[in-house]
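A.B. asks: Below are the sequence and a predicted model for it; my questions follow.
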Amino acid sequence: MVEERRLRIEREVEEERRRKEEETRRAREDKRLLRQEERQKLEEERDARLLRIVHSEMRKERDKEREKYEKKVKSRKAPKKSKHRLGRMERKRWRGDAPDRRNVYQKDTGKIIEIRLEDKTEATVKIVETLRSLTIHKGDVTIYCSGGKTWVDSWRVVRRLFGETWVKYGKGTRPLRRCKMKFESTGTIILRRVTEASPSALALKDTMVKMFKNPQLQKKLRGRSLVELVRFYNAVKTFATKRSRTRARLMISRAVRESFEVNVRSRIIVKVQYDERIRKREIMRVVRRRIGGMQIDSTLKEMVKRRSRVV
């Protein structure tokens, strides 16, 4: 009896301890959720305040330009008499029917671009933050764009960070760096494989820009290892213009060819006759397994695997 009473008391004490720990955990979780809701509410208020400020500044700029134009039209004097008769547009400008585009500066600010995810009802102007949160998604992501001309996050920043993200365009795809007009028009945008440029790739890009202007730095490429040169080659896609990408690829491929006698610009293309029994992905798997068995550097192997194609 004494032993049973002792066991019962110990069991009750243990249950009481577990109950208190569960209550403490629930209270801590409730506090965390409350802080998260308050933080989200503060962020929403900050976004709304930012939109109000931006709209107010745009309205002030439009009012200033309108007042400037009206003063210019009112202060315009009558033209001097000349032998030649005024043209049609000159007569309209004198009457005030048409604006004088030669002297009046008109700034086209436009409305702010806002995007909204498919599963959310609130739009946001933070395009960089929104795209960064989508990098963890593996499939296609649909966003809705309100259209406009003003970017809160500069288009140059968006293009530099997410220029290699693929966007569905018609029946095919194209990189995001070529889709500025699609974001500035109202409609749906389907993103495939949202990719953000790493800080190391941006640093390599800046290094290559310096090499463009300094031939001595280009000669030092021949003394670098194959791993470093492949990293440079992979960072070429961070350039915005096709001219810069072509120039960088030629520079890096020339250094690899002169140092290691390898042409990194060529790729393996496997041509297969059509047969409904043949699966393309299985052929690709065999090709990559064969490449993995080659006696070359592992970095170069991965690059060749990525660039191989089955047609």
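C.D. replies: In hand now; what should we look at? Numbers count the residues shown, from 1 in each chain.

A.B. asks: for stretch 247-262, what is the average pLDDT?
C.D. replies: The predicted model assigns stretch 247-262 a mean pLDDT of 87.

A.B. asks: got the buried residues for that stretch?
C.D. replies: Along stretch 247-262, these residues count as buried under the neighbour rule (16 or more other Cβ atoms under 10 Å): Arg247, Ala248, Arg249, Met251, Ile252, Ser253, Ala255, Val256, Phe260, Val262. For glycine as for every other residue, the C-beta is placed from the backbone atoms N, C-alpha and C.

A.B. asks: Quick check: closest non-adjacent residue to the second one.
C.D. replies: Spelled out, it's Ala248. Once flanking residues are discounted, Ala248 sits nearest to Val236: 4.5 Å by Cβ to Cβ, 6 or more residues apart in numbering.

A.B. asks: likewise the third one?
C.D. replies: Nearest residue to Arg249 in three dimensions, chain neighbours excluded: Val236, at 5.4 Å (Cβ to Cβ, 6+ apart).

A.B. asks: what do you get for the last one?
C.D. replies: Among residues not flanking Val262 along the chain, Val256 sits closest, at 5.6 Å (Cβ to Cβ, 6+ apart).

A.B. asks: C-terminal to the host helix or strand of that neighbour, what's the next element?
C.D. replies: Using DSSP states H and E, Val256 maps to helix 242-260. Toward the C-terminus, helix 242-260 is succeeded by strand 269-270 as the next helix or strand (DSSP H and E).

A.B. asks: what's downstream of that next one, the next helix or strand?
C.D. replies: With elements assigned by DSSP H and E, the helix or strand that comes after strand 269-270 is helix 280-292.

A.B. asks: Output the contacting helices and strands for that next one.
C.D. replies: helix 298-307, strand 309-310 (3 or more Cβ pairs under 8 Å, 6 or more residues apart in numbering; DSSP states H and E).

A.B. asks: now with 10 Å?
C.D. replies: Other elements packing on helix 280-292 under the criterion 3 or more Cβ pairs under 10 Å, 6 or more residues apart in numbering; DSSP states H and E are strand 269-270, helix 298-307, strand 309-310.

A.B. asks: Can you say which of these is nearest to Ile53?
C.D. replies: helix 298-307 (45.4 Å; Cβ to Cβ).

A.B. asks: as a whole number, average confidence for the closest one?
C.D. replies: Across helix 298-307, the average pLDDT comes to 82.

A.B. asks: Summarise which helices and strands the longest helix along the chain is packed against.
C.D. replies: For the chain, the helix that runs over the most residues, judged by DSSP state H, is helix 2-74. Packing partners of helix 2-74 (3+ Cβ pairs under 10 Å, 6+ apart): helix 88-95.

A.B. asks: May I see the buried residues of the helix it packs on?
C.D. replies: Within helix 88-95, the residues scored as buried using 16+ other Cβ under 10 Å are Arg93, Trp94.

A.B. asks: Also stretch 196-211?
C.D. replies: For stretch 196-211, the neighbour count (16+ other Cβ under 10 Å) marks Glu196, Ala197, Ala201, Leu204, Lys205, Met208, Met211 as buried.

A.B. asks: Quick check, pLDDT for the fifth one.
C.D. replies: Read that as Lys205. The predicted local confidence for Lys205 is 85.

A.B. asks: list the contacts for it?
C.D. replies: Lys205 makes contact with Arg160, Ala197, Phe232, Ala235, Val236, Lys237, Thr238, Phe239, Ala240, Ser244, Ala248, according to Cβ atoms under 10 Å, 6 or more residues apart in numbering.
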